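**Q** Curious how this folds, go ahead:
(chains A and B)
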Amino acid sequence: MNTAILDDVPVPLLKRLSWQDWLYSLILVIGAVFAYVQYGNYMDVYEKSFLFGAAAVFSWLGWQWKPLRMLVIGVGAISLFAISLYDADLGRANQAFLLKYLISSQSAVMWMNVLFVLAMLIYWFAMFTRSEFAGKFASSMTWAAVLMGLVGLMVRWYESYLIAPEVGHIPISNLYEVFILFCLITALLYLYYEQRYNTRQLGGFVLLVVSAAVGFILWYTFDRQAHEIQPLVPALQSYWMKIHVPANFVGYGAFSLAAMVALAYLLAERGILATKLPALDTLDDVMYKAIAVGFAFFTIATILGAMWAAEAWGGYWSWDPKETWALIVWLNYAAWLHLRMVKGLRGPILAWWSLVGLLVTTFAFLGVNMFLSGLHSYGAL
Amino acid sequence: MKPAITTSKQFYELLSSMRFAVSLLTVIGIASIIGTVLKQNEPYANYIIQFGQFWFDFFEMLGLYDVYHSAWFLLILLFLVISTSLCIYRNSPLMLSELRTYRETATEKSLRAFSHKHAYQSVHSFDDTCQNLQQFLTLRGFRFKTVRHADGGELIAAKAGSYQRLGYIFTHAAIVIICVGGLLDGNVPFKVQELLGYKKVETLDIPESEVPAVSRLSIANLSFRANMTLPEGTSSDVAFQRMRDGYLVQELPFRIELKDFRIEHYATGQPKSFESDLLIIDPELKEPLAHTISVNHPLIYKGVAIYQSDFQDGGTKLKLNVWGLFSTQSKPLEVDGTIFKKAKLGEGDDALTLEFNDFRMFNILNLTGDGKGKPQNVGPNVTFKVRDTQGQAKEYVNYMQPLLLSGRPYFVSGMRETQQEDFRYLRIPADEDFTIDGFMRLRTTLFDESQHAEIARRFAKVAFGERSSGDLTQQKFEASVVQLLDAFAKGGYTRVADMIEKSVPEAEREKAAQTYLKIVNGAAFEAYNLSRERSGKQAESPNEENQQFLQESLNAISDLYFYGAPFYLQLTQYEHREASGLQLTKSPGKNLVYSGSVLLVLGIFAMIYIRERRIWLLVKPQTNEVLFAMSANRKNRDLDVEYERYKAQLDKVLRTR
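**A** Coordinates of the predicted model:
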């Protein structure tokens, strides 16, 4: 047989895995089993399936995208270390040196904020000076920001149980918490595409929207004391929150990413920064991929939301303002995808459209909470 | 010659075109915005106030108060269903044949016209070349069909990722299924019956049993979303559907009884859970079914889902003290009341009706001055209206326990004349035993004109001190104190100010006012002690504590003239009875909607993540030339990348021995 035929033949996923991959998954499974043995009594059947489902999903994601493995292990290790420093006393957050200045949830989130803004500045610097070193440094800063943000959320989760066991809940329940989630997911999606397309020039653009979210978090923290952990209202006490909210933010994050790439596209198309940015068809492709991922997850999130609504509000669809705006966002990107996939439309029109899409998405995410009232008013400003 | 295109054909083309579908998506998006900006399904009175009669009628005609159920909105949705269905009808055969076909009829000429094509010279024999190429394709996940051409050449037509085409069918079928499911659960059947005159919305506030059949929906009704308010210990077998400016009665195939309703709270006072203990009474059941529902945990019985939706008072029984604010009666009148019921005070033209509207056992308020402290539970309050014989009413909210404001306890009562206003609060200081009695004692004594002489006498004695001899100056002083007390008793500080304005020249008013205030305060202190003595308490000498109490009491007395009611209602006891708000829904379309949703997700993933690619490899006889052509139904970067990879790999395969 001609051996050249075998060159570069696609290998099934399981055969491609290295011992590091298996070790990584083993750690995740051990973690899940430990949590199950320790806290299984307090979980319902859905939460148990989410626990093991999370181990499976993060295994798979880590196998597909290797850097994620280090992130997951790092977040786990640092969070566990932080938790051990608490010694079951919330007051330690302001006493223990490491907690106070580094890894209490508040401090970790602040570090995330600082690192994101720094990373953005370095990305821009790297683009203008074409410095590869600065670009790599900016990527590392972004990774570090994501690490700190995730540690912040994990520790916050634990802190909520320290307030009182009945208060404890996953930290994706109000506007402050989901803004952190938004920053993290957007940055992670960007990092994925950065590696996939081997391009760092877009970092400055994508981190613009992340930095805007950071600005909001800072204002919200200092002006409104939004960082204080509040107990859950009865309507939010459901396992659905654990899947509905993250799915939604993969959508929001991907749409924001696409809009920022669209911005870069429009600039490059007009000759601004054109020599410094990736080729137009690469930009176009990233934009399409991001919207496709966003659309898939946004669809899932909306469906999960409908199923939750059927359990909490008495109907899967109530034309509540948040629901309606979710539909508008969905219709918007459905139209975008039709034009691109069926009509084969490319270029500036779709770029403009996805920029406008960001406005629509932002209104659905924030504007509805600010200006319209309805059932979905947990994230009221 | 082109065949003539008929109008119906044109119409069909338009409806099934993608241009039309995308336009529809946009139109639905924009139309949906209306309902998020304009609050839906409010009582009609609110809209009239907001827009005025003219615009109210206009907007009503457009159905803007319930946009998503208006005929025109449903019509757009119908168009979406039709357009999508036609799109499926029109494109599915093509999609399915694309799914099956290998396009093995491609000719050399057409392959050479591809944008992604390359020609090689194979070093292998014809048969080896064919075999190698087939292996190459199989290893990369392509399925293929071979065709031997007349000239002896072989065409290998291969494809991968054909199931992408299923994605198209799945997503579009899903939209239709979801819309049909949604339509089943909507109120279209009712709208049709209403249009035909079989059903009518009831707009009068009459007892449920008197609602005529034309406004009742039987248990055969396929789908509904209705509400029921059950006070504890009662039961019902009907629910109400609010519709436009009225309602419909929905009959249920069983009876629901509320045994108990509970609210649990977190340590911070925020509500933690709402639960109702229900009893389902159904002749088909051997014994009633007991079940507890809570938010996020509904009960589904006979296809009807029963949700914990809200709660309200269920007719709490109250015991109240009525303190006449301007009488000299030192004891209050005791009155019983029930929430949602009325009570009458007084006779004839002065009669006042008390309408008890709400009782709340927990009130989480933030009473810290800067609003930055922790909110806390301040205990029960009762909301009521006081209506006079002319029908004029003022609304009040009274807290049972004294509230701590800036560290001092007050009995607080809010008053407002219209619903739009904020409450204005009367603050009555609590005495050293945290009761209202101290204030009421003082007030009675100050308002009792027969006591004024005695107060004046005592005050004069203190004021003149050792010089006190009962001479003319002192008598004059006493007389002016009495005069001042009379004025204060008739209208508080305002009346005293009027008196100054009338009798003192302008230049001396300020000085006089200070003197008068001092006298009122001094005399009031004597009244304070007098009132204490009369109720068997020790007289006190002035200290910071009682001076402050006195000052606040005098302020409160002055405010009584603006309170709008001649009495203060003090809640003394209550027997709490709550009502649970249930929502009852029947939605047979739910499963359809959910299956459609699953189909939608599968379809989207198939469309996005399965990539359909086709490869043609034409091996020519004799020369062993190989022509490679590749295409995808979506031309994008992925195709370019994959093409380049295969091109290089094929080069290696065909040139290495």
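
**Q** From the contact counts, what lies against whichever strand or helix holds A:Val114?
**A** Using DSSP states H and E, A:Val114 falls within helix A:105-129. Secondary-structure packing of helix A:105-129 (3 or more Cβ pairs under 8 Å, 6 or more residues apart in numbering or on different chains; DSSP states H and E): helix A:132-163, helix A:175-197, helix A:203-224. C-beta: built from backbone N, CA, C; applies to glycine.

**Q** what angle do it and helix A:132-163 make?
**A** 170 degrees (axes from the mean of the first three to the mean of the last three Cα atoms, to 10 degrees).

**Q** Now do the buried residues in helix A:105-129.
**A** A:105-113, A:115-120, A:122-124, A:126-127 (16 or more other Cβ atoms under 10 Å in any protein chain shown).

**Q** And that helix, how far out from the chain middle?
**A** 16 Å (Cα atoms, centre = their mean, to the nearest Å).

**Q** Tell me the spacing between B:Asn366 and chain A.
**A** 13 Å (Cβ to the nearest Cβ, to the nearest Å).

**Q** list the contacts for that residue?
**A** Applying Cβ atoms under 8 Å, 6 or more residues apart in numbering or on different chains to B:Asn366 gives the contacts B:Gly373, B:Lys374, B:Pro375, B:Gln376.

**Q** How many neighbouring residues does residue 332 have?
**A** The chain I'm using is chain A. Look at A:Asn332: counted by other Cβ atoms under 10 Å in any protein chain shown, it has 23 neighbours.

**Q** My question was about chain B, not that one.
**A** 19.

**Q** ditto for B:Phe261
**A** Neighbours around B:Phe261, by other Cβ under 10 Å: 22.

**Q** Would you mark the buried spots in stretch B:637-649?
**A** B:Arg637, B:Leu639, B:Asp640, B:Glu642, B:Tyr643, B:Tyr646, B:Gln649.

**Q** If you could redo that for stretch A:56-76, that was the one I meant.
**A** A:Phe58, A:Ser59, A:Gly62, A:Trp63, A:Leu68, A:Arg69, A:Leu71, A:Val72, A:Ile73, A:Gly74, A:Val75, A:Gly76.

**Q** Among those residues, which ones are in strands?
**A** Per DSSP state E, strands hold no members of those.

**Q** Enumerate every residue touching residue 82.
**A** Going with chain A. So A:Ala82 contacts A:Leu98, A:Leu99, A:Ile103, A:Ser104, A:Ala108, A:Val151, A:Met154, A:Val155, A:Tyr158 (Cβ under 8 Å, 6+ apart).

**Q** My question was about chain B, not that one.
**A** Contacts of B:Ile82 by Cβ under 8 Å, 6+ apart are B:Leu15.

**Q** Quick one: distance of the helix or strand where it lies to the chain centre.
**A** Using DSSP H and E, the element containing B:Ile82 is helix B:71-100. Centre-to-centre, helix B:71-100 and its host chain are 36 Å apart (Cα atoms, centre = their mean).

**Q** same question for it, mean pLDDT?
**A** The pLDDT scores in helix B:71-100 average 91.

**Q** in that helix, what's buried?
**A** Quick answer for helix B:71-100 (16+ other Cβ under 10 Å): B:73-74, B:77, B:79-81, B:83-88, B:91, B:95, B:98-99.

**Q** In a markdown table, list the contacts of A:Ala82 along with pLDDT.
**A** Formatted as a markdown table, these follow (pLDDT from 0 to 100):
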| residue | pLDDT |
| --- | --- |
| A:Leu98 | 93 |
| A:Leu99 | 93 |
| A:Ile103 | 94 |
| A:Ser104 | 94 |
| A:Ala108 | 97 |
| A:Val151 | 98 |
| A:Met154 | 97 |
| A:Val155 | 97 |
| A:Tyr158 | 96 |
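
**Q** before we move on, the earlier item: tell me the one of the buried residues of stretch A:56-76 nearest chain B?
**A** Of all the buried residues of stretch A:56-76, A:Trp63 has the smallest distance to chain B: 16.5 Å, by Cβ to the nearest Cβ.

**Q** I'd like to know how far the residue lying closest to A:Ile229 once chain neighbours are set aside sits from chain B.
**A** In space, A:Ile229 comes closest to A:Ser160 once its chain neighbours are excluded; the distance is 4.9 Å by Cβ to Cβ, 6 or more residues apart in numbering or on different chains. According to Cβ to the nearest Cβ, A:Ser160 and chain B sit 12 Å apart.

**Q** cool, A:Val151 as well?
**A** Applying Cβ to the nearest Cβ to A:Val151 and chain B gives a distance of 26 Å.

**Q** For the residue in the stretch 1-150 of chain A that chain B sits nearest to, grab the count of nearby residues.
**A** Chain B sits closest to A:Ala4 of the stretch 1-150 of chain A, with a gap of 4.2 Å, by Cβ to the nearest Cβ. Using other Cβ under 10 Å, A:Ala4 is surrounded by 18 other residues.

**Q** how about B:Phe114, what does it touch?
**A** B:Ala629, B:Met630, B:Ser631 are the contacts of B:Phe114 under Cβ under 8 Å, 6+ apart.

**Q** how close does the first one sit to chain A?
**A** Going back to what we said before, that points to B:Ala629. The value you get for B:Ala629 to chain A, if Cβ to the nearest Cβ is used, is 19 Å.

**Q** how about that residue, phi and psi?
**A** Torsion angles at B:Ala629 (phi, psi; degrees, to the nearest 10) stand at phi -140, psi 140.

**Q** For the helix or strand containing B:Lys344, what is the distance to the chain centroid?
**A** Element membership for B:Lys344, per DSSP H and E: strand B:342-345. Distance of strand B:342-345 from the chain centroid (Cα atoms, centre = their mean) equals 34 Å.

**Q** strand partners of that strand, parallel vs antiparallel please.
**A** Its sheet considered, strand B:342-345 pairs with strand B:352-360 (antiparallel) by DSSP bridges.

**Q** And the strand it pairs with, what's buried?
**A** B:Leu352, B:Thr353, B:Leu354, B:Glu355, B:Phe356, B:Phe359, B:Arg360.

**Q** Does stretch A:238-252 reach chain B?
**A** Yes - applying Cβ under 8 Å from any Cβ of the partner chain, one finds stretch A:238-252 in contact with chain B at A:Ser238.

**Q** residues touching residue 36, list them.
**A** Unless you meant another one, I'm taking chain A. Counted by Cβ under 8 Å, 6+ apart, A:Tyr36 has contacts A:Met43, A:Lys48, A:Leu51, A:Phe52.

**Q** could you do chain B instead?
**A** A:Pro321, A:Thr324, A:Trp325, A:Val368, A:Leu372, A:Gly374.

**Q** can you do 7 Å?
**A** A:Pro321, A:Thr324, A:Trp325, A:Leu372 (Cβ atoms under 7 Å, 6 or more residues apart in numbering or on different chains).

**Q** now do B:Pro566
**A** B:Gly324, B:Leu325, B:Phe326.
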